[in-house]
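Trainee: Here is my input; please provide its structure:
(2 chains)
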Amino acid sequence: MNIALNVLLFELALTFYFIATIAGIIEIFRGTKSSSRLALYLSVMGFLFHTANIVVRYVEGGHIPVTNMHEAASFFSWCVLILFFFHEFRYKLGLLSSFIMPIVFVFMFSSSVFPREIKVLSPELQSYWFGIHVILAFLGDAAFAMACGIGVMYLVQERFVKSRRLGGLFQKLPSLQSLDEINYHLITLGFPLLTFAMITGIIWANSAWGTYWRWDPKEVWSLITWLIYALVIHLRLTIGWRGRKAAILSIIGFALIVFAFFGVSLILKGKHVFM
Amino acid sequence: MNILVIGLNHKTAPIEVREKVAFDGGRLTEALHMLTAASAIRESIILSTCNRVEIYAAVSDINSGVSEITKFISDYHAVSGDLLERSLYIHKAEEAVRHIYRVASSLDSMVVGEPQILGQLKDAYDAALNIKATGVYLNKLIRKSLSVAKRIRTETKIAESAVSISFAAVELAKKIFDDLSTKSFMLLGAGEMAELAARHLINSGVQDVYVTNRTTTRAEELAREFNGKVILFDNFPLELRYSDIVICSTGAPHYILKKDEMHRVMKERKQRPVFIIDISVPRNIDPGINDLDNVYLYDVDSLQGIVDTNIQERAKEAQKAEKIVDEEISAFVQWTSSLTATPTIVALRNRAEEIRRAELEKTLQKITPLEEDKIRSIEQLTAAIVNKLIHPPMAALKSEDENREQMLDLVQKLFNLEIKSDNHDKR
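Mentor: As a prediction, this is how the structure comes out:
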């Protein structure tokens, strides 16, 4: 009965995210100056079902549901949405949902193709470091996902301004400066989260397996993304790599995260494989 | 009753004629009194702006209305009928309604979509309303035209984008920077268009203003005007590193800012974005600068290009707006036809009969059984009461009284009568 409930909640969330994504994309091409908030409302609806789904799985499994690909991708979307809602209400950026909801949907959709059984956490992984490590890592990556979406918005808007063709989309997108600044804020939020996730991961690995660092593929890729974002921050502070270059780097950074997420788990395998 | 528009505008009359027939705002009341004193004119409004002078009237007879209004204009302003004949346009009935809707929605304006005309129309209407120069017809028509204008504004993009170079510049600045009030602005050289753009920027919140010019006195003059600081012309490349927005119009015959120079400036600025508007012809700023990251360079042609596209865009939107006008005209025409007496009389009688029947049935149900002839006499009694009650209003509606339209409107409202698919304002 419970399995049916969490599946139902998941499907409802996925459906709402799908409609929200479509509404967001239509909004990009609709020529009006004021943008509709339909995509936002739809995503809020989806988020409510999604939250219920996660709670049900948490109760059922007794741990944060991130132990297989289905759960991990779904939990990641959920983290992105939390940050998305925060930014939507804090900054009211026009068209933000049009650029973030596709990311959310892609992760939710990939989540839906993986097996959905609820697994019991193996004893070696049972530790309160698990919760801390996972939440830090997922929120950090979610911040980078947001930075990527906003980076894309920046590149689109920058294209309009540079090419001197100002369409309806130009009117609706926020100013370059605010996009650039929020992109940077997100990276400076994601970076310490990722750093602490790695530290807690190291501590946890030591308590679970007795070694701090095993050159597990996921660990290597995390290190690479960590270095990329360290570089983004460093270049910005020293030689002013902002705007277009920062936007491109934040997109590359997130592409690496996506690879680490799916690629490493599915192709390279390792301890972090979500079963 | 007929609606009439007589007037002239920027398309039919040159400024020399328009200024002769313009109505002085202070003496509008007097003019309206004179106008409504004419025998055929029941209601009137005078709209006088720098681009148009128009009289809107509800007249009892079209032909005498036209001649009375034209005579009024030529008498009041002491201009020859000949001159007027060449410039005046006359719109009657439906066409008059269309014209007023188009004026209110700024479809008839010199710059289509500019919003001032709506306020001017409201003022003209208020002036007429205050001295009761308007009545049922024009009140309804003007209110309706205001709502048509609002509908067009929300449903089309007619007033959206900038249609002047200086506004286009401000619009761009707002899409490059988040908050203009924290940005530093340098005016390099002085030209009329540069000054205008600078003024728009300052009106949009720019506070930190620097002015430089080859002749220092001119720079000082402008600095005073814009509440800015003067910098030495030769120092401007050094000052550039502090400027976020630059408007350039020096009249120099060559580039005064080259790409490699700007490249250096950008390094010094740590790549903080710069918006440069080069209004000078020949251009003063190396166009290659636009290739640098975080530098956004616009020259006169590229701004004009934006303005042109926006104007084309407005023309397209204007077509959509015309369709809305068409729709709304029929709504108004339906309303006026509802003001003819017959439908109202029928509706009033039906309403009364409806009430009588309903109440009668209720009572009869309570007091049955009753003999046939008693029922009949109760019926007769109720019919007599109702008929006596509605007789005077019906007689008045049928009369040729000159306030008949007002009465019709009033009766419809008092008895809450639905006349056809009429479009009463729900406000």
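
Trainee: what about the helices in the stretch 151-300 of chain B?
Mentor: For the stretch 151-300 of chain B, the helices defined by DSSP state H, counting those that start in this stretch cover B:165-176, B:192-203, B:216-226, B:236-239, B:259-268, B:300-338.

Trainee: Domain ranges for chain A, per the record?
Mentor: Following automatic domain parsing, one finds the domains of chain A at A:1-121, A:135-275.

Trainee: of all those domains, which lies closest to chain B?
Mentor: With C-beta to the nearest C-beta as the criterion, chain B lies closest to domain A:135-275 of the domains of chain A, at 3.3 Å. Backbone N, C-alpha and C define where each C-beta goes, glycine included.

Trainee: Present the domains of chain A as a markdown table; the columns should include mean pLDDT.
Mentor: Formatted as a markdown table, those follow (pLDDT from 0 to 100):
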| stretch | mean pLDDT |
| --- | --- |
| domain A:1-121 | 87 |
| domain A:135-275 | 88 |
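
Trainee: re earlier: may I see the helices of the stretch 151-300 of chain B organised as TSV, with mean pLDDT, distance to chain A and mean neighbour count added?
Mentor: Formatted as TSV, the helices of the stretch 151-300 of chain B follow (pLDDT from 0 to 100; distance: least, C-beta to the nearest C-beta, whole Å; neighbours: other C-beta atoms under 10 Å in any protein chain shown):
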stretch	mean pLDDT	distance to chain A	mean neighbour count
helix B:165-176	88	5	22
helix B:192-203	86	15	19
helix B:216-226	88	23	16
helix B:236-239	87	19	16
helix B:259-268	92	8	16
helix B:300-338	86	4	17
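
Trainee: Dump the ones you listed to CSV, plus distance to B:Pro392.
Mentor: CSV is the format used below for the helices of the stretch 151-300 of chain B (distance: least, C-beta to C-beta, whole Å):
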stretch, distance to B:Pro392
helix B:165-176, 61
helix B:192-203, 62
helix B:216-226, 70
helix B:236-239, 85
helix B:259-268, 86
helix B:300-338, 22
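
Trainee: Looking at these, which is nearest to A:Ile182?
Mentor: Closest to A:Ile182 of the helices of the stretch 151-300 of chain B, according to C-beta to C-beta: helix B:165-176, at 15.1 Å.

Trainee: Quick one: name the residues of chain A near chain B.
Mentor: Neighbours of chain B within chain A, by C-beta under 8 Å from any C-beta of the partner chain: A:31-33, A:157, A:160-162, A:164-166, A:168, A:170-171, A:173, A:175-178, A:181, A:239-245.

Trainee: and the residues you listed, which of them are in helices?
Mentor: For the residues of chain A next to chain B, the ones inside helices are A:157, A:160-162, A:168, A:170-171, A:176-178, A:181, A:239, A:243-245, with DSSP state H as the criterion.

Trainee: Quickly check those for the two that are furthest apart.
Mentor: Across these, no pair lies farther apart than A:Gly168 and A:Ile239, at 35.5 Å, counting by C-beta to C-beta.

Trainee: More neighbours: the two, which one.
Mentor: Comparing A:Gly168 with A:Ile239 by other C-beta atoms under 10 Å in any protein chain shown, the one with more neighbours is A:Gly168, at 17 against 12.

Trainee: Ends of stretch B:84-101, what's the gap?
Mentor: Stretch B:84-101 stretches 24 Å from its first residue to its last (C-alpha to C-alpha, to the nearest Å).

Trainee: is it true that A:Phe49 touches A:Asn6?
Mentor: No. Using C-beta atoms under 8 Å, A:Phe49 makes no contact with A:Asn6, being 10.3 Å away.

Trainee: Comparing the two, which residue is more hemmed in?
Mentor: Per other C-beta under 10 Å, whichever of A:Phe49 and A:Asn6 has more neighbours is A:Asn6, with 22 against 19.

Trainee: what does the stretch 101-250 of chain B put close to chain A?
Mentor: By C-beta under 8 Å from any C-beta, the part of the stretch 101-250 of chain B that sits against chain A consists of B:Lys157, B:Glu160, B:Ser161, B:Glu171, B:Leu172, B:Lys174, B:Lys175, B:Ile176, B:Phe177, B:Asp178.

Trainee: Recalculate using a threshold of 6 Å.
Mentor: Applying C-beta under 6 Å from any C-beta of the partner chain, one finds that the stretch 101-250 of chain B approaches chain A through B:Glu160, B:Lys175, B:Ile176, B:Phe177, B:Asp178.

Trainee: circling back to that earlier point, for ChimeraX, what selects the buried ones among the ones in helices among the residues of chain A next to chain B?
Mentor: Filtering these down to the buried ones (16 or more other C-beta atoms under 10 Å in any protein chain shown) takes a single ChimeraX command:
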select /A:157,160,161,168,170,171,176,177,178,243,244,245
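
Trainee: quick one, helices of chain A?
Mentor: Counting by DSSP H, chain A has helices at residues A:2-29, A:38-61, A:69-91, A:96-113, A:128-163, A:168-172, A:176-209, A:217-239, A:243-258.
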